[in-house]
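**Student:** test case, fold it:
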Amino acid sequence: MQDILSFFYNHEQYIYIVVLMIFLGIEVIGRVPSVLHTPLMSGANAIHGVVIIGAIIVMGKAEPDNYAALILGFLAVILGTINVVGGFVVTDRMLEMFKKKKG
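**Tutor:** Sure thing, here's the model as predicted:
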């Protein structure tokens with residue numbers, strides 16, 4: 001317990017920054033009009049593509065006996081890929097709503 005408290009004490013400024021980023025993100029996303037959701041989804045997909053590349057690089061640089069880095073890298077690749085594919089599926093469905101129907 002003492003280690004956890006000392007971690008929070010030593011990294012107090014970083015914790016404040018993360019909490020402020022969370023509140024700022026909620027405020028920014030909450031005020032986005034529905035017309036802009038499709039471009040934001042595409043941007044989020046691009047960011048998660050960078051996460052996938054970073055996870056692959058981490059896995060490539062990890063020592064073969066460092067199982068924690070390999071497992072976390074593998075999970076990051078899998079979850080990032082699911083997020084990217086799901087984001088593109090949602091974006092495609094949103095764009096389908098704007099197409100004119102035939103017949």
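**Student:** other residues contacting the helix or strand of the chain with the lowest mean pLDDT?
**Tutor:** When each helix and strand of the chain is scored by mean pLDDT, DSSP states H and E, helix 37-61 comes last, with a mean of 80. For helix 37-61, contacts defined as Cβ atoms under 8 Å, 6 or more residues apart in numbering pick out 32, 69-70, 72-74, 76-77, 80-81, 83-84, 87-88, 90-91, 94-95. C-beta here means a position set from N, CA and C on the backbone, and glycine is covered the same way.
**Student:** now with 10 Å, please.
**Tutor:** The contact list for helix 37-61 (Cβ atoms under 10 Å, 6 or more residues apart in numbering) reads 29, 32, 66, 69-88, 90-92, 94-95, 97-98.
**Student:** angle of the helix ranked longest in the chain against helix 37-61?
**Tutor:** As assigned by DSSP state H, the longest helix anywhere in the chain is helix 67-96. When axes from the mean of the first three to the mean of the last three Cα atoms, to 10 degrees is applied, the directions of helix 67-96 and helix 37-61 differ by 160 degrees.
**Student:** which elements pack onto helix 67-96?
**Tutor:** helix 37-61 (3 or more Cβ pairs under 10 Å, 6 or more residues apart in numbering; DSSP states H and E).
**Student:** quick check on the contacts of helix 37-61: which are buried?
**Tutor:** Using 16 or more other Cβ atoms under 10 Å as the burial test, the contacts of helix 37-61 include G73, A76, V77, G80, N83, V84, G87, T91 as buried.
**Student:** need the three-state assignment for K102.
**Tutor:** Recorded secondary structure, K102: coil (DSSP: H, G, I helix; E, B strand; the rest coil).
**Student:** for F98, same thing?
**Tutor:** Taken by three-state DSSP, the conformation at F98 corresponds to coil.
**Student:** and the spatially most central residue of the chain, how far from Y16?
**Tutor:** The chain has H48 as the residue nearest its centroid, 5.5 Å off, counting by Cα atoms, centre = their mean. According to Cβ to Cβ, to the nearest Å, H48 stands 26 Å off from Y16.
**Student:** cool, V84 as well?
**Tutor:** According to Cβ to Cβ, V84 and Y16 sit 31 Å apart.
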